[in-house]
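Student: predicted coordinates and the sequence they were generated for:
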Amino acid sequence: MNNRKLVLENGMVFEGEGFGSTKEKLAEIVFNTSVVGYQEILSDPSYCGQIVVMTYPLIGNYGLADDDYESKNIFMSGFVVREYNDLPSNFRFTRTLGEVMEEAGAVGISGVDTREIVRLIRDNGSMKALICDIDKPMDECMKALNEFSYQTDQVKQVSTKKVWYSRTPNPMYTVVAVDCGCKLNIIRKLNALGCNVVIVPYNTTKEEVLKYKPDGLFLSNGPGDPENVTPVINLIKEMKGKMPILGICLGHQMIGLAYGAKTYKMKFGHRGGNHPVKNLDTNKVEITSQNHSFAIDIKSLEGTGLRLTHINLLDNEAEGMMDDLNGVIAVQYHPESAAGPEDSEYIFGRFINLMKKKKGGMDNGKKNRY
């Protein structure tokens, strides 16, 4: 342990003990209200360029297990926690949180008042933050914060650099997954439902996608502003109507942009495992896992060909959309969540059914049988 401090762009300072890497990190600070799942949060590429404050007070107590990572690399900048436990009591754990963070260059600070920090973020919105040595002069800290600019190329950073495959026995469908920071559990869910998955870089062209002869196209979650991911937005425009499309989180936002809707940055985003979402088709409420800073402007959906299917009951934010004619599904939340609720897993079944109907329609010489 070493003495560190967290400095916010509004000048507030929180002193504590460091864990993980001893590097200095500048990033956007956000908070997550999940009780469990810190390994999934750490390894979720959607947190690229962010420092995450955990509202649950005890972090690290069950270590990290080899089978629970959501990506092959760690892109998060750091963790802010109330109490860090470096002696896990879990028969599955292979490494401690601090060990993995040190190796990945992610910084941590513990022993701070996370309740106060979260209230600051909720009142003032997400902001720039610095985790550094406790002795760093404040004028240098504030200078660094004032000069820091948020990244705009996060998807380029986290996306796979080459095509890779995740196969399943006796596959029924082939899905091309555009990797903007895809969580591995999404791929596992598709495999379990009989899909061979071809994972491609975010800037893959329509011609490259079609050469795999896919039955469906998947657009993944990922970090940053969806407006910056123009290759995927253009791909959606070109692929619409050719095959069923499913978009999750960032994928949801990019689908909206491709159809002409607008997005905006939220004050502090949605990050947690218990967000209530109303399914407008069934009037049932689903508890969902979420992680996003941007959202679809509901008013901008009018005339786009997308209909609203889900809303967030906390703030009426758009949580789901669908183009019934062209078989396009988009959800803002994470139906695959490995450490969260399972109320929305049916979204994958709906995608499978669209591919099944499309195959049947092709067999009968018909088009757009959705």
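Tutor: Nice, I can see it. Numbering: from 1, shown residues only.

Student: for the rest of this, base every contact and every neighbour count on C-alpha atoms.
Tutor: Fine.

Student: next up, phi/psi of the residue nearest the centre of the chain, please.
Tutor: Nearest to the mean C-alpha position of the chain, by Cα atoms, centre = their mean, lies residue 46 at 4.0 Å. When read as degrees, to the nearest 10, the backbone of residue 46 gives phi -60, psi -20.

Student: quick one, what contacts it?
Tutor: Residue 46 sits next to 181, 221, 222, 223, 224, 291, 292 when contact means Cα atoms under 8 Å, 6 or more residues apart in numbering.

Student: now do 10 Å
Tutor: Listed by Cα atoms under 10 Å, 6 or more residues apart in numbering, the contact set of residue 46 reads 75-76, 154-155, 158, 180-183, 221-224, 249-250, 291-293.

Student: distance of it relative to residue 334?
Tutor: As judged by Cα to Cα, to the nearest Å, residue 46 and residue 334 stand 12 Å apart.

Student: which residues do those two both contact?
Tutor: 183, 221, 249, 291.

Student: hey, C-alpha coordinates of stretch 197-204 in CSV?
Tutor: Output of stretch 197-204 as CSV, limited to C-alpha atoms (Å, rounded to 0.1, in the frame of the first residue of the first chain):
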residue,chain,number,x,y,z
VAL,A,197,-19.6,-16.1,-34.1
VAL,A,198,-17.1,-14.3,-36.3
ILE,A,199,-15.6,-11.3,-34.4
VAL,A,200,-14.4,-8.5,-36.7
PRO,A,201,-12.8,-5.1,-36.2
TYR,A,202,-15.0,-2.0,-35.8
ASN,A,203,-14.0,-0.7,-39.3
THR,A,204,-14.9,-3.8,-41.2
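
Student: off-centre distance for that stretch?
Tutor: 17 Å (Cα atoms, centre = their mean, to the nearest Å).

Student: buried set for it?
Tutor: Of all the residues in stretch 197-204, those buried under the rule 16 or more other Cα atoms under 10 Å are 197, 198, 199, 200, 201, 202, 203, 204.

Student: residue 347: which of the residues you listed is nearest?
Tutor: residue 197 (16.9 Å; Cα to Cα).

Student: how close does that closest one get to residue 172?
Tutor: 11 Å.

Student: quick check: neighbours shared by those two?
Tutor: residue 191.

Student: what is the most widely separated pair among the buried residues of stretch 197-204?
Tutor: The largest separation in the buried residues of stretch 197-204, counting by Cα to Cα, is between 197 and 203 at 17.2 Å.

Student: residues of the lengthiest helix in the chain that come out buried?
Tutor: Longest helix in the chain, counting residues (DSSP state H): helix 346-363. For helix 346-363, a neighbour-count test (16+ other Cα under 10 Å) marks 347, 348, 351, 352, 354, 355, 356, 357, 358, 359 as buried.

Student: need the residues you listed in a markdown table (columns: pLDDT and distance to residue 126).
Tutor: Converted to a markdown table, the buried residues of helix 346-363 look like this (pLDDT from 0 to 100; distance: Cα to Cα, whole Å):
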| residue | pLDDT | distance to residue 126 |
| --- | --- | --- |
| 347 | 97 | 30 |
| 348 | 97 | 32 |
| 351 | 98 | 34 |
| 352 | 97 | 37 |
| 354 | 97 | 38 |
| 355 | 97 | 39 |
| 356 | 96 | 42 |
| 357 | 93 | 43 |
| 358 | 89 | 43 |
| 359 | 83 | 45 |
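
Student: just name the closest of the residues you listed to residue 64, please.
Tutor: Using Cα to Cα, those come closest to residue 64 at residue 348, 27.4 Å.

Student: OK, contacts around the closest one?
Tutor: 186, 189, 190, 193, 246, 329, 335, 336, 354.

Student: please work out how many residues are found near the second one.
Tutor: By the measure other Cα atoms under 10 Å, the count of residues near residue 189 is 18.

Student: contacts only, for it.
Tutor: Contacts of residue 189 (Cα under 10 Å, 6+ apart): 195, 335, 336, 337, 338, 345, 348, 349.

Student: measure the fourth one to residue 185 for me?
Tutor: To tie it back to what came earlier, the one meant is residue 337. With Cα to Cα as the criterion, residue 337 and residue 185 are 7 Å apart.

Student: and the two? Which one has more around it.
Tutor: Ranked by neighbour count (other Cα under 10 Å), residue 337 and residue 185 place residue 337 first, with 23 against 18.

Student: that one belongs to a helix, doesn't it?
Tutor: No - looking at residue 337 with DSSP: H, G, I helix; E, B strand; the rest coil, it is coil, so not inside a helix.
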